[in-house]
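Undergrad: Okay, structure incoming, though there's no sequence with it:
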Ligand code: SF4
Ligand code: SF4
């Protein structure tokens, strides 16, 4: 994995809260901040487990995201998605946009709409996802749909994205299963 030169997590700790961690050496529920998280970043940085050393969100690895996309500032955690991609695409990896900030406020912004439109128009698999309650899997919806193409044609992308947020909010979330035990770092 190649990291974008000069790009640093800084004070961002978004990926220490939202994803589930299920590894023999460390476990954490989705939506629970890791208890090692401090205002200055990881409190056990030098000895953090391998999964924490190896994981980077797409903001750290994909050139197309500008500086403003840092997850703690934008409210969006971009990630690489390999599941749920139709065989119709040339690409086997897409971009997921997890809305960790205020979902409606995010989708009403032009930079977010432009990103989705550009991705869809260039046949890049784009997904929008919303974290579930603590301990549950996120909800995810593909943006490469007939509805979105129609909205792009009609100039109603904001409305279409707000409708997506409504779908995500009404999702029947499923629990995230953690199979390992022994070092649960989920803060209360
Ligand atoms: S141990 Fe891992 S999940 Fe916890 S704060 Fe450090 S980097 Fe984040
Ligand atoms: S979400 Fe991305 S920028 Fe934020 S701490 Fe994780 S890897 Fe770094």
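TA: In hand now; what should we look at? Source: prediction; values computed, not measured. Numbers count the residues shown, from 1 in each chain. Ligands and ions are numbered 1, 2, ... in the order given.

Undergrad: measure the residue of the chain positioned farthest from its centre to ligand 1 for me?
TA: The centre of the chain is farthest from one residue, residue 154, which by Cα atoms, centre = their mean lies 27.7 Å away. Plainly put, residue 154 is 43 Å away from ligand 1 if you go by Cβ to the nearest ligand atom, to the nearest Å. Just so you know, the C-beta spots here come from the backbone N, C-alpha and C atoms, and that holds for glycine as well.

Undergrad: Also residue 171?
TA: Applying Cβ to the nearest ligand atom, the value for residue 171 to ligand 1 is 25 Å.

Undergrad: thought that residue was touching residue 139?
TA: Yes - if you go by Cβ atoms under 8 Å, residue 171 and residue 139 touch, sitting 3.6 Å apart.

Undergrad: So which of these two has more stuff around it?
TA: Per other Cβ atoms under 10 Å, whichever of residue 171 and residue 139 has more neighbours is residue 139, with 19 against 16.

Undergrad: Now the common contact residues for residue 171 and residue 139.
TA: Common neighbours of residue 171 and residue 139, using Cβ atoms under 8 Å, 6 or more residues apart in numbering, are 130, 132.

Undergrad: which parts of the chain sit against ligand 2?
TA: Along the chain, the residues adjacent to ligand 2 under the rule Cβ under 6 Å from any ligand atom are 9, 12-15, 56-57, 59-60, 70-71, 77.

Undergrad: ok, 5 Å please
TA: Contact residues (Cβ under 5 Å from any ligand atom) of the chain with ligand 2: 9, 12, 14-15, 56-57, 60, 71.

Undergrad: Just the ones of the residues you listed in helices?
TA: If you go by DSSP state H, the residues of the chain next to ligand 2 have 60, 71 in helices.
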